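Q: Let's see this in three dimensions:
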Amino acid sequence: AAGFVAGRRLVAQVGRLVAQKDFPTFLRAAALVAQAVPDVDFLVVGDGALRPALEAEVRTLGLEDRVRFTGLRHDVPALLAGVDVLTLTSTFEGMPNAVLEAMATGAVTVATDVGGCAELIVPGETGFLVPPRAPAAVAEVVIGVLRDPALGRRLAVAARRRLETEFSIEQLARRTEAAYEELLRARLPDEQVVAAA
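A: Presented below is the predicted three-dimensional model:
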């Protein structure tokens, strides 16, 4: 997949190549993982203004043979189906689509504990949360997952189950409806909420 030799495992990060996504942390973690796990390669999926600087960082880290820049892809879920670990090293986030896509396709997620990541990931059960700007913490968790395939499978199954039960369209619609009802209650007297329902 993605121009690598078959049989090698993949760690990917998906997103615009902008400061918010902190790809330098991903690449520094990749260098640590590459030293510890010989059969793994890395994908940078996305495009943006920082691509030349990130390509230079790859050369500085000596990872030219282990990192591929895919550019912008419109088949991210299909791509993630061939990935073992998805990292997300953002310094801030909303509700990250890449994490949802990884949960749906079986890639284990290692994400920074920012924004909606903590809502999606139950640490140690459906993925892992790490501090922002901490390449060693990212690498340690990724190495742990790669060295324990049974753990990876268990996390992937639990993540997909959580996605299907907690984040289905029906569940999200119910949560949205409940949030609106709560807002109405806060603004209107009780009898008006009943009338509006």
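
Q: give me the number of residues near R59?
A: By other C-beta atoms under 10 Å, the residues close to R59 number 10. Every residue, glycine included, has its C-beta placed from N, CA and C.

Q: One more: R174?
A: 11.

Q: in stretch 18-36, what counts as buried?
A: Of all the residues in stretch 18-36, those buried under the rule 16 or more other C-beta atoms under 10 Å are 21-34.

Q: actually stretch 56-72, sorry about that
A: Within stretch 56-72, judged by 16+ other C-beta under 10 Å, the buried ones are 57-58, 61, 63, 66-68, 70.

Q: returning to what we had before: closest to R174 among the buried residues of stretch 18-36?
A: R174 has its nearest neighbour among these in K21, at 31.3 Å by C-beta to C-beta.

Q: quick one: contacts of stretch 96-111?
A: Stretch 96-111 is touched from outside by 12, 14-15, 76-77, 80-81, 83-90, 93, 115-117, 120-121, 126-130, 138, 141-142, 145, 152, 155-156, 159-160, 162-163, 167, with contacts defined as C-beta atoms under 8 Å, 6 or more residues apart in numbering.

Q: Which members of those residues are positioned in helices?
A: 76-77, 80, 117, 120, 138, 141-142, 145, 152, 155-156, 159-160, 162-163 (DSSP state H).

Q: Which one of the residues you listed sits in the busiest neighbourhood?
A: Neighbour counts for the ones in helices among the contacts of stretch 96-111, by other C-beta under 10 Å, peak at V138, which reaches 30 neighbours.

Q: nearest spatial neighbour of that one, skipping sequence neighbours?
A: In space, and not counting its chain neighbours, V138 is closest to A29: 3.8 Å by C-beta to C-beta, 6 or more residues apart in numbering.

Q: that older thread, quick one: which of the buried residues of stretch 56-72 sit in helices?
A: When the buried residues of stretch 56-72 are checked against helices (DSSP H), the matches are 57-58.

Q: Distance to A107 for the buried residues of stretch 56-72 - can I get that in CSV?
A: Output for those, formatted as CSV (distance: C-beta to C-beta, whole Å):
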residue, distance to A107
E57, 23
V58, 21
L61, 23
L63, 20
R66, 18
V67, 17
R68, 16
T70, 15
